[in-house]
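**Student:** Just a sequence and a predicted model for now, questions to come.
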2 protein chains.
Amino acid sequence: MTTRDSRERTVRSAALLFRERGVDATGMRQIVEHAQAPRGSLQHHFPGGKEQLVVEAVEWIAGKAAEPLEASLEADPAPPPRQVVAELFDRFRKLLRMTDYRAGCSIAAAVVDAGSASDAVALATANAFRRWTGPLERALARGGMEQARASRVALLVISAVEGALIMSRARHDMEPLDAVATEIDLLLSAS
Amino acid sequence: MTTRDSRERTVRSAALLFRERGVDATGMRQIVEHAQAPRGSLQHHFPGGKEQLVVEAVEWIAGKAAEPLEASLEADPAPPPRQVVAELFDRFRKLLRMTDYRAGCSIAAAVVDAGSASDAVALATANAFRRWTGPLERALARGGMEQARASRVALLVISAVEGALIMSRARHDMEPLDAVATEIDLLLSAS
DNA sequence: CGAGCGCTATGACGAGCGTCATATTCACTC
DNA sequence: GAGTGAATATGACGCTCGTCATAGCGCTCG
């Protein structure tokens, strides 16, 4: 019932707050408050403490973001890679616009703030990125791209998105993300 | 004498610590300790508090990283853009290797941790990125690339570097950075 | 010599942090 | 309806944080 809801809401709120303020600057009290969840359940649901919450938040947001990618992999008339990538950029464009350039990527935040300090977090972030590059790589290969190149291009696309997200946040404008989207599309067209 | 040294060492240490642990997780006491600088001078040298220190650290590291780019712009036999970019990747490869994948980019750390909270930091990070894209863009344009495209490609290169840095840190291996370097070089070859 | 100033030393302040110990309430089964 | 374990409430713990107030150096210049 509301019980499992409250646990899930906590994980979700953690991910949302992390991507705006960073992991370290986000306190557990703020998380449960944002989630409208009881503070008393923190030690019950997350006995592993903040580290566990960070890991679960990373996994949650990774799944959330990987869904559309995996979905388009299984779609009947498989959409061309160009379209899959374009939609990926669109989602981040919308995120930046909706939060007035305040939000970034929760996973990047976890890497920057806690990646060097906790092996568990480092592992979670590495897996999270693979959930993005994996489907993308398969989509590219199925689109006719040589396997080794598909692997590299998938890494390039995700790297470019992550980096452009940071630059657009810093500049408070969409130019980096737009420019990167344009050039990546060009690259995919020339396949 | 040692006086100005100590101030500069503090800024330098701040930048170095930020890129490993993030801005928020790095305390002022740790910074002066790392810099072997007197704690008492903090309020004297940085009356603006931690925010000022973050801004100066961002400016310092941005200059440090922009130096080679600007230098190759003024070199007599101007090196081809491909080489300039390759050397850029090499420097970050070395950084990752030397710190066992613990270090990332101080500027990215500042954006993630404090970019949304402080206008001064946001401005400093935006300017820092421009100090990288600017010379790169001019190098590309001088290499024969159309101006609008040179601007986009410069943004792509820096974005890709920043993103690959994050992914390589998370995975503790060089594959993302290597893959991105390869693909970017391919893109520049096809110019 | 001594006044002034750049720099440093030191300790305290209030706030927030993550964590824990200890109840208390709730839901559900025998 | 008693009992049982999951879920929540509450407050305190020790620690670190950024900042500040206050004082003490060491140097130069009048």
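**Tutor:** Received it, and whenever you're ready, just let me know what you need.
**Student:** if you skip the residues just before and after it, what's nearest to residue A:26?
**Tutor:** Excluding its sequence neighbours, the residue lying closest to residue A:26 (Cβ to Cβ, 6 or more residues apart in numbering or on different chains) is residue A:17, at 4.5 Å. Every C-beta, even on glycine, is put in place using the N, C-alpha and C of the backbone.
**Student:** Secondary structure element holding that neighbour?
**Tutor:** For residue A:17, the host element (DSSP states H and E) is helix A:2-21.
**Student:** What's the local residue count around the residue lying closest to residue A:174 once chain neighbours are set aside?
**Tutor:** Leaving aside its sequence neighbours, residue A:174 sits nearest to residue A:168 (Cβ to Cβ, 6+ apart; 6.0 Å). Neighbour count of residue A:168, defined by other Cβ atoms under 10 Å in any protein chain shown: 26.
**Student:** other SSEs contacting the helix or strand where residue A:168 lies?
**Tutor:** Of the helices and strands defined by DSSP H and E, residue A:168 is found in helix A:147-171. Judged by 3 or more Cβ pairs under 8 Å, 6 or more residues apart in numbering or on different chains; DSSP states H and E, the packing partners of helix A:147-171 are helix A:81-98, helix A:106-114, helix A:119-142, helix A:175-190, helix B:106-114, helix B:119-142, helix B:147-171, helix B:175-190.
**Student:** contacting residues around residue A:83?
**Tutor:** Residue A:83 makes contacts with residue A:72, as judged by Cβ atoms under 8 Å, 6 or more residues apart in numbering or on different chains.
**Student:** residues in chain A within reach of DNA strand C, list them.
**Tutor:** A:1, A:26, A:27, A:28, A:29, A:30, A:40, A:42, A:43, A:49, A:50, A:51 (Cβ under 7 Å from any atom of the strand).
**Student:** which residues touch the nearest residue to residue A:143 once chain neighbours are set aside?
**Tutor:** Excluding its sequence neighbours, the residue lying closest to residue A:143 (Cβ to Cβ, 6+ apart) is residue A:81, at 4.5 Å. Residue A:81 is in contact with A:136, A:139, A:140, A:143, A:145, A:188, counting by Cβ under 8 Å, 6+ apart.
**Student:** From what I see, the fifth one and residue A:153 are in contact.
**Tutor:** Spelled out, it's residue A:145. Yes. Between residue A:145 and residue A:153 there is a contact at 6.8 Å, judged by Cβ atoms under 8 Å.
**Student:** Between these two, which has more neighbouring residues?
**Tutor:** residue A:153 (28 against 19).
**Student:** three-state assignment of the residue of chain A most remote from its centre?
**Tutor:** Among residues of chain A, the one most distant from the C-alpha centroid is residue A:40; the distance is 28.7 Å, by Cα atoms, centre = their mean. Under DSSP: H, G, I helix; E, B strand; the rest coil, the three-state class of residue A:40 is helix.
**Student:** ok, now which ones touch it?
**Tutor:** So residue A:40 contacts nothing (Cβ under 8 Å, 6+ apart).
**Student:** quick one, what contacts residue A:45?
**Tutor:** A:7, A:10.
**Student:** and the gap between it and residue A:14?
**Tutor:** Distance of residue A:45 to residue A:14, given as Cβ to Cβ, to the nearest Å: 11 Å.
**Student:** what does residue A:162 give?
**Tutor:** Counting by Cβ to Cβ, the gap from residue A:162 to residue A:14 is 20 Å.
**Student:** do residue A:134 as well
**Tutor:** Relative to residue A:14, and taking Cβ to Cβ, residue A:134 is found at 24 Å.
**Student:** between the two, which one's more packed in?
**Tutor:** Each of residue A:134 and residue A:14 has its neighbours counted (other Cβ under 10 Å); residue A:14 has more, 28 against 16.
**Student:** Does that one touch residue A:53 like I think?
**Tutor:** Yes. Counting by Cβ under 8 Å, residue A:14 does reach residue A:53; the two are 5.3 Å apart.
**Student:** Which residues are in contact with each of the two?
**Tutor:** residue A:31.
**Student:** returning to that earlier point: got the residues of chain A next to DNA strand C as JSON lines, with distance to DNA strand D, secondary structure and pLDDT columns?
**Tutor:** Putting the residues of chain A next to DNA strand C into JSON lines (distance: Cβ to the nearest atom of the strand, whole Å; DSSP: H, G, I helix; E, B strand; the rest coil; pLDDT from 0 to 100) gives the following:
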{"residue": "A:1", "distance to DNA strand D": "9", "secondary structure": "coil", "pLDDT": "40"}
{"residue": "A:26", "distance to DNA strand D": "15", "secondary structure": "coil", "pLDDT": "96"}
{"residue": "A:27", "distance to DNA strand D": "11", "secondary structure": "coil", "pLDDT": "96"}
{"residue": "A:28", "distance to DNA strand D": "10", "secondary structure": "helix", "pLDDT": "96"}
{"residue": "A:29", "distance to DNA strand D": "9", "secondary structure": "helix", "pLDDT": "96"}
{"residue": "A:30", "distance to DNA strand D": "14", "secondary structure": "helix", "pLDDT": "96"}
{"residue": "A:40", "distance to DNA strand D": "2", "secondary structure": "helix", "pLDDT": "89"}
{"residue": "A:42", "distance to DNA strand D": "8", "secondary structure": "helix", "pLDDT": "93"}
{"residue": "A:43", "distance to DNA strand D": "7", "secondary structure": "helix", "pLDDT": "93"}
{"residue": "A:49", "distance to DNA strand D": "12", "secondary structure": "helix", "pLDDT": "94"}
{"residue": "A:50", "distance to DNA strand D": "12", "secondary structure": "helix", "pLDDT": "96"}
{"residue": "A:51", "distance to DNA strand D": "16", "secondary structure": "helix", "pLDDT": "96"}
